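Q: just a sequence and a predicted model for now, questions to come.
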Amino acid sequence: MKFSVLSDSLEKMEKTSKRLELTGILVELLKKTPNEIIAKVIYLIQGKLKPNFEGVELGIAEKLVIRAISKSAGVTIKKIEDDYNDGGDLGITVSNILKQKTQTTFSAETITLERVYETLLKISTLQGKGSQDMKIKYISSLLNDATPEESKFILKILLGTMRLGVAENTVMDALAIAFTNSKENRELVENAYNVSSDLGKVSEVLAQDGLDGLLKFNVSLFSPIRPMLADRVKSEEEAVKRIENEFAAEYKLDGERVQIHIQDDKVILFSRSLENITNYYPDIVEKISDTINADNGIFEAEIVAINANTGNFLPFQELMHRRRKHKLDQAITNYPITVNFFDILYHNGNELLNYSYNERRKNLEDVIKENEFAKLIPMSIVNNTTDISDVLENSINSGCEGLMLKVLNANYRAGSRGSNWLKLKREYQNELGDSLDLVVVGAFFGRGRRTGKYGTLLLSTYDSENDSFPTICKVGTGFTDENLDQLFQILSNKVILKKNPRVESSIESDIWFEPELVLEVVASEITLSPIHKTGLNLIRKDTGFALRFPKFTGKIRTEKLAEDASCPEEVSALYKNQNKTG
Ligand code: AMP
């Protein structure tokens, strides 16, 4: 097909921003396009050469393009730069320069879309020594044979400045109309896009097999599935209202979402925005097949940075140390990670998107063999606000951000946000006005990672009336790597074999300490608790106070004695005050 068929349509599209008109022009173009090159047209109208996840970048620098224009038009670089400064758009500048040129020379052969596409693709792969000169050669050869109008668009694609406003939605409308004669089928087009992230491929299937092709459109390994997203809820109550019956509560980890495609030795990792991020995580590529008991599959997981000593989760930002090309080996050692699986979308050649959450989770549990590096995200079945609160607190205490609540009988809706997944994050709406100073009385090892350091600490207030240390909370968040190392050193000298008799606790911790070290902690709220002993019976029989979402502030109060810690009366006052204002 002549490239001018495309450039004429692009010219028309440039003149409008109305979605209906854009769709109409696109439909006309698609109908004129032979099936074999339909995907190429779909990419080019969006200013691309391949679907985003293939990471093909043109991104040619303006300077280089100017050199190419100078070569093919026989005009000095200075003249092009001057015109460009006046005009503001390099594509238009070139088009004008070439118009002057064509008045004097006789144009060469017509240029085909296939040739433009293949040449641009070659340019995108050129690298290293001599590649600049080769790029200039390719660009000027295209410009030599292109008309001024065609050149304008070739340059816009090369420079990445094509802004026609043809959003994916418009392209999908046009595909449905052009190949099925009805916008009604738009949803089928969208479904196919959601499971392939590749409108080029969708257009090929449509052009060749029409609706039938769409109905049979399959997930394929190494083409990412657009991720299912969650709606936000503000409270446990709202969650229960939105989801009737039982549902799954999974920890919401604070890391990077990854879609893992695996077959034999081949592993490709896609980010949430479907960028190929395999190169940042060679450790996943190396180790993940030990975990996955399947011939092939597509999995979703959260990559989380961990403290090398304790195995505790670290905040998302720590993962950014992996976003580098050089000295990645060092980053892998310094910033270890775990891979935490939460879904399976494809297994041994079968697509699982239409399976219920329940079935997928069971399948996932069968396929994943947990080890130090790879885990399943903890999940419990819940059906009331108290259950949700409990899991939420455990999740926060393990260094997570909150919960993902998932409807048990819902299938995986690729690319859509809806009520079948809800996210409930820690809220500090009801922040305590004050921080508390609490005594470390015990500790727990990180779940399943007994690498020798303390994960979560058990904290107490000081009750001067009874000269005792009643517990008030467990805390597992707010610790930096440094804090954890430092605390480990200090606390190692305070380990005792049995609970100190002055400590009042109904919780059995993994390790007990002499009640000596004081830490500063903040929390979102004080709640009544049947478990903790601070202020027992003060408000209600057999009930004490607990801190909701406690967080270490980073301050180790070495200057304080345990007997200087906050007392139950202080906590009680904060509790009453919070209920007055809250
Ligand atoms: P948000 O980015 O706040 O919209 O929350 C959704 C994100 O939470 C997902 O994209 C995942 O990266 C992350 N996430 C953490 N834990 C889970 C989980 N158990 N299930 C699904 N997504 C999770």
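A: Yep, it's here.
Q: alpha carbons only for contacts and neighbour counts from here, please
A: OK.
Q: show me what V382 bridges to in the sheet.
A: Beta-bridge pairing for V382 (DSSP bridges): F247.
Q: what bridges to the residue of the chain found nearest the ligand?
A: The nearest approach of the chain to the ligand comes at K252, 3.4 Å away (CA to the nearest ligand atom). Taking DSSP bridges as the rule, K252 bridges to G402.
Q: got the contact list for it?
A: 395, 400-404, 423 (CA atoms under 8 Å, 6 or more residues apart in numbering).
Q: make JSON lines out of these and add distance to T471.
A: Shown next, in JSON lines, are these (distance: CA to CA, whole Å):
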{"residue": "S395", "distance to T471": "19"}
{"residue": "C400", "distance to T471": "22"}
{"residue": "E401", "distance to T471": "24"}
{"residue": "G402", "distance to T471": "23"}
{"residue": "L403", "distance to T471": "25"}
{"residue": "M404", "distance to T471": "29"}
{"residue": "K423", "distance to T471": "30"}
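Q: in ChimeraX, select just the buried ones from those residues.
A: Those of those that count as buried under 16 or more other CA atoms under 10 Å are selected in ChimeraX with:
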select :395,400,401,402,403,404,423
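Q: flag the least confident of the contacts of K252.
A: Lowest pLDDT of the contacts of K252: E401, 86.
Q: so that one sits right up against E393, yeah?
A: No. Checked against CA atoms under 8 Å, the pair E401 and E393 is beyond contact range at 10.0 Å.
Q: quick one: average confidence on the helix or strand encompassing K474?
A: For K474, the element it lies in under DSSP states H and E is strand 469-475. Mean pLDDT, computed over strand 469-475, is 97.
Q: alpha carbons of the helix or strand that that strand is followed by, in CSV - could you do that?
A: Per DSSP H and E, the first helix or strand lying C-terminal to strand 469-475 is helix 481-492. In CSV, the C-alpha atoms belonging to helix 481-492 read as follows (Å, rounded to 0.1, in the frame of the first residue of the first chain):
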residue,chain,number,x,y,z
ASP,A,481,17.2,-1.5,58.0
GLU,A,482,19.5,0.4,60.3
ASN,A,483,16.9,0.5,63.1
LEU,A,484,16.5,-3.2,62.9
ASP,A,485,20.2,-3.8,63.1
GLN,A,486,20.6,-1.5,66.0
LEU,A,487,17.6,-2.9,67.9
PHE,A,488,18.9,-6.4,67.3
GLN,A,489,22.2,-5.5,68.9
ILE,A,490,20.7,-3.7,71.9
LEU,A,491,18.0,-6.3,72.5
SER,A,492,20.4,-9.3,72.2
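Q: C-terminal to helix 481-492, what's the next element?
A: Assigned by DSSP H and E, the successor of helix 481-492 is strand 495-496.
Q: and that following strand, what other elements does it pack with?
A: Using 3 or more CA pairs under 8 Å, 6 or more residues apart in numbering; DSSP states H and E, the elements in contact with strand 495-496 are strand 511-513.
Q: mind listing what's buried in the strand it packs on?
A: 511-513.
Q: so where's the longest helix in this structure?
A: For the chain, the helix that runs over the most residues, judged by DSSP state H, is helix 199-215.
Q: buried sites along it?
A: Those would be 199-207, 211, 213-214, for helix 199-215 by 16+ other CA under 10 Å.
Q: what subset of the contacts of K252 is also close to the ligand?
A: M404 (CA under 6 Å from any ligand atom).
Q: from the contacts of K252, which is closest to E109?
A: Nearest to E109, judged by CA to CA, of the contacts of K252 is K423 at 58.9 Å.
Q: so when I look at the closest one, I'm seeing a strand, right?
A: Yes. Counting by DSSP: H, G, I helix; E, B strand; the rest coil, K423 is found in a strand.
Q: ok, it touching L229?
A: No. Applying CA under 8 Å as the test, K423 and L229 come out as separate, 9.3 Å apart.
Q: and G128, how many neighbours?
A: 6 (other CA atoms under 10 Å).
Q: how about Q317?
A: If we define neighbours as other CA under 10 Å, then Q317 has 12 of them.
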